[in-house]
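Colleague: 3D, please:
(one chain, ligands or ions: 1)
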Amino acid sequence: MIYLDNAASTAVHPEVVKEMLPYFDVQYGNPSSIHQFGRKAKNAIQKARKQVAALIGAEQDEILFTSGGTESNNTILYGFPTLRDVSHVSFSFDKNHIITSSIEHEAILEPCKKLEEKGVKITYLPVDEHGIIDSNDVTNSIAENTVLVSIMFANNEVGTIQPIKEISEICKKYQIPLHTDAVQAVGKVPINVKELGVDALSISSHKINGPKGIGALFIKKGLKIVPYITGGGQENGLRSGTENVASIVGFGKACEIAKERFNENISHFQTLHSSMLSRIVKEIPHVKLNGHPEKRIFNNIHFTFLGVNGEDLIIKLDEHGIAASTGSACSVHTQKASHVLKAMDFNHEQITGSLRMSFGYMNTLDEVEQTVEVLKMVVAELRRVSPYKTKYNF
Ligand code: PLP
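Modeller: Below is the predicted model:
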């Protein structure tokens, strides 16, 4: 099997598994307990908090552990003080305005929809043909009641990177907090929250060779958020519930490895990316690279093969032992055409012919070569029965 769907999820690194194991059957104490078992679990969490913080240049007490990217995004959107106040009956929802983009992950768009139902005004910024927002649009959308700007760092479908530093300067000028969903960017782009000037940032463990169901929200010191999970007061009162110690430990280790091997991983992704790109554009006709050619994460490569249905392509690739995707794993549940490609002004044919391949540290050049050979064959096969056969003279 060749696994090229690392943007959906990654293999847990063997060193991460090793680090996690004792927390299932040896160090199984509750971190809130006073005895040694409890203290060991608590220390393990604190160590992981440091490891996560170190990867993004944050302080350890600025890291809130969550169940992943989705919860981190929901926590900031619902937990922001003025927004949270809106859930109290007496507050007027119309008083809040949030700026986001039209190409965010569903974990931003769906909570935004819910907030809109409650009267919060949301501006969805457009993107250009590469999927990049114009930071002037942020400035032009800021209103007196804007309480938050939330723009994703790297897009999960086409891999485009947004001008987060530019946006953070605008937000600073208007004193509006900036959140970024960096789930796809962490480990693929240098990220230092202080240099970037962001106020909140979402991370997910399973995208960086850590376990699933764990992640973090960086919350800059001083930024107050109101918890929406309440109970025993864990995580400094911001997220109650007994901590998922083994997963937190694994996530911490995954962050440590991502930091240590950052340069190595980046250059590996670039090698795989450029090899696949040069061969595909040379050897397969009527194909287009989507997303920005340079302002992108290089573990992601996204194409449109004209005249081909992306889902048929995925099934054919799977028959040959290659795992790829059309884009967001989450939109598969809704069977909707990609909102990202729509926002980039793709027509129906361009949207249906799209294919995302995403690399992990374990992928090899040989796998890229094999994939290109299979792609050449299956694309030609599908084009022989394509309704667009005469249009393109396949
Ligand atoms: N945000 C982005 C950009 C993502 O790609 C994903 C997952 O694909 C998420 C959020 C959700 O993260 P999680 O699966 O950890 O909930």
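Colleague: the strands in the stretch 251-394 of the chain, which residues?
Modeller: Remark: strands assigned in the stretch 251-394 of the chain by DSSP state E, counting those that start in this stretch are 287-289, 300-305, 322-323, 354-358.
Colleague: compare these and report which one is nearest to residue 170.
Modeller: Among those, strand 300-305 comes nearest to residue 170, with 26.4 Å by Cβ to Cβ. Where C-beta positions appear, they are placed from N, C-alpha and C, glycine not excepted.
Colleague: measure residue 122 to residue 47 for me?
Modeller: Using Cβ to Cβ, to the nearest Å, residue 122 is found at 39 Å from residue 47.
Colleague: please disregard the earlier target; I meant residue 186.
Modeller: From residue 186 to residue 47 the distance is 19 Å (Cβ to Cβ).
Colleague: equivalent analysis for residue 207, please.
Modeller: Distance of residue 207 to residue 47, given as Cβ to Cβ: 21 Å.
Colleague: neighbour count for those two, which is higher?
Modeller: residue 207 (29 against 16; other Cβ atoms under 10 Å).
Colleague: need the contact list for the more buried one.
Modeller: 6, 7, 9, 10, 69, 183, 184, 186, 187 (Cβ atoms under 8 Å, 6 or more residues apart in numbering).
Colleague: ditto for residue 198
Modeller: So residue 198 contacts 164, 168, 178, 179, 180, 218, 220 (Cβ under 8 Å, 6+ apart).
Colleague: pick out the most distant pair among those.
Modeller: So, the contacts of residue 198 by Cβ to Cβ: farthest apart are 164 and 220, at 14.2 Å.
Colleague: higher neighbour count, the two?
Modeller: Set side by side, residue 164 and residue 220 show more neighbours around residue 164, with 24 against 18, by other Cβ under 10 Å.
Colleague: residue 17 and residue 253 touch, don't they?
Modeller: No: with contact defined as Cβ atoms under 8 Å, residue 17 does not count as touching residue 253 (9.2 Å).
Colleague: which parts of this structure sit against the ligand?
Modeller: Contact residues, the chain versus the ligand (Cβ under 6 Å from any ligand atom): 68-70, 105, 107, 152, 156, 181, 183-184, 204, 206, 215.
Colleague: between the contacts of residue 207, which is nearest the ligand?
Modeller: Of all these, residue 69 has the smallest distance to the ligand: 2.5 Å, by Cβ to the nearest ligand atom.
Colleague: pLDDT score for the closest one?
Modeller: In this model, residue 69 is scored at 98, pLDDT.
Colleague: and the one 3 residues further on, by the same measure?
Modeller: Here the pLDDT value assigned to residue 72 is 98.
Colleague: tell me, how many residues neighbour it?
Modeller: 28.
Colleague: next up, phi/psi of it, please.
Modeller: Main-chain dihedrals, residue 72, degrees, to the nearest 10: phi -60, psi -40.
Colleague: residue numbering should commence at 431 henceforth.
Modeller: Noted, 431 is the first residue going forward, which turns the last one into residue 502.
Colleague: I'd assumed residue 632 was in contact with it.
Modeller: Yes: in this structure residue 502 lies within contact range of residue 632 using Cβ under 8 Å: 3.6 Å.
Colleague: show me whatever sits in contact with both of these two.
Modeller: 611, 645, 646, 647.
Colleague: those in strands, which ones?
Modeller: Within those, residues falling in strands by DSSP state E are 611, 645, 646, 647.
Colleague: the last one: how many residues sit nearby?
Modeller: The reference is to residue 647. 26.
Colleague: got the contact list for the residue nearest to it when sequence neighbours are not counted?
Modeller: Counting by Cβ to Cβ, 6 or more residues apart in numbering, residue 647 lies nearest to residue 502, which is 3.9 Å off, once chain neighbours are set aside. Taking Cβ under 8 Å, 6+ apart, we find residue 502 in contact with 494, 496, 611, 632, 633, 634, 645, 646, 647.
Colleague: residue 749 versus residue 502, what's the distance?
Modeller: To residue 749, residue 502 is 36 Å away according to Cβ to Cβ.
Colleague: so residue 588 sits against residue 718, correct?
Modeller: No: if you go by Cβ under 8 Å, residue 588 and residue 718 don't touch, sitting 11.3 Å apart.
Colleague: which one of those two has more residues nearby?
Modeller: Neighbours per residue (other Cβ under 10 Å) separate residue 588 from residue 718, with residue 588 holding more: 28 against 14.
Colleague: great, nothing more from me.
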